[in-house]
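Chemist: mind looking at a prediction? Sequence and model below.
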Amino acid sequence: MTIAQRLGAIALLTLVSACKAQPAQTPAPGPATVTAPANGRVEIRVDDQGYHPSTIRAAAGSSLTLVFRRVDALNCGDKVKFPALNNLERDLPVGQAVEVPVTVPASGALAFTCGMGMYRGSVVVQ
Ligand SMILES: [Cu+2]
């Protein structure tokens, strides 16, 4: 392990602690996995349990509009990032719908995370 890797691991552990410090709430209803509807519009709730749904199945190459809605400030979902899209990042103000258009990759998955990389979701090719 290089020094850079060790520092990265330490930073990650610190962030894990920060996320776990958030107060626990009851899990949100709704399935963890959905299939994108024909119009490509997928609503994603952001709460202290992460993304709901956290897995979106969609056809390769199709266009989706991910609509993020952060329900309260008691979570670390104030930003959503797409590492594979040049670290595309959007702020998620509480109570506002934030639309993020994405193109489903040809294969594999397109991951998204909170600003600290703790909440994780992905668009998975069907
Ligand atoms: Cu976080």
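Modeler: On my side now, so go ahead.

Chemist: so Arg69 versus Gln49, what's the distance?
Modeler: Plainly put, Arg69 is 14 Å away from Gln49 if you go by C-beta to C-beta, to the nearest Å. In this view, the C-beta of every residue, glycine as well, is placed from N, C-alpha and C.

Chemist: before we move on, what about Thr33?
Modeler: Remark: distance between Thr33 and Gln49 (C-beta to C-beta) = 15 Å.

Chemist: compare the two (neighbour count), which wins?
Modeler: For Thr33 versus Gln49, neighbours defined as other C-beta atoms under 10 Å are more numerous around Gln49 (18 against 10).

Chemist: tell me the pLDDT at that one?
Modeler: Confidence per residue is given as pLDDT, and for Gln49 that number is 92.

Chemist: name the residues of the protein found near the ion, please.
Modeler: Where proximity means C-beta under 5 Å from the ion, the interface of the chain facing the ion comprises Cys19, Cys76, Cys114, Met116, Met118.

Chemist: right, and Val124 touches Ser107 too?
Modeler: No - shown here, Val124 and Ser107 do not form a contact pair, counting by C-beta atoms under 8 Å, at 10.0 Å.

Chemist: ok, those two, which is more surrounded?
Modeler: Taking neighbours as other C-beta under 10 Å, Val124 and Ser107 compare with Val124 leading, 17 against 8.

Chemist: list the contacts for Pro31?
Modeler: For Pro31, the contacting residues are Pro53, by C-beta atoms under 8 Å, 6 or more residues apart in numbering.

Chemist: where does the chain have low pLDDT?
Modeler: Judged by pLDDT under 70, the chain has its weakly predicted residues at 1-29.

Chemist: can you give me the helices in it?
Modeler: 3-20 (DSSP state H).

Chemist: in it, which spans are strands?
Modeler: Secondary structure of the chain, counting by DSSP state E: strands at 33-35, 41-47, 50-52, 55-58, 63-70, 79-82, 88-91, 97-103, 109-114, 120-125.

Chemist: would you mind finding the most buried of those?
Modeler: Ranked by mean neighbour count under mean count of other C-beta atoms under 10 Å, the strands of the chain are led by strand 50-52, which reaches a mean of 22.
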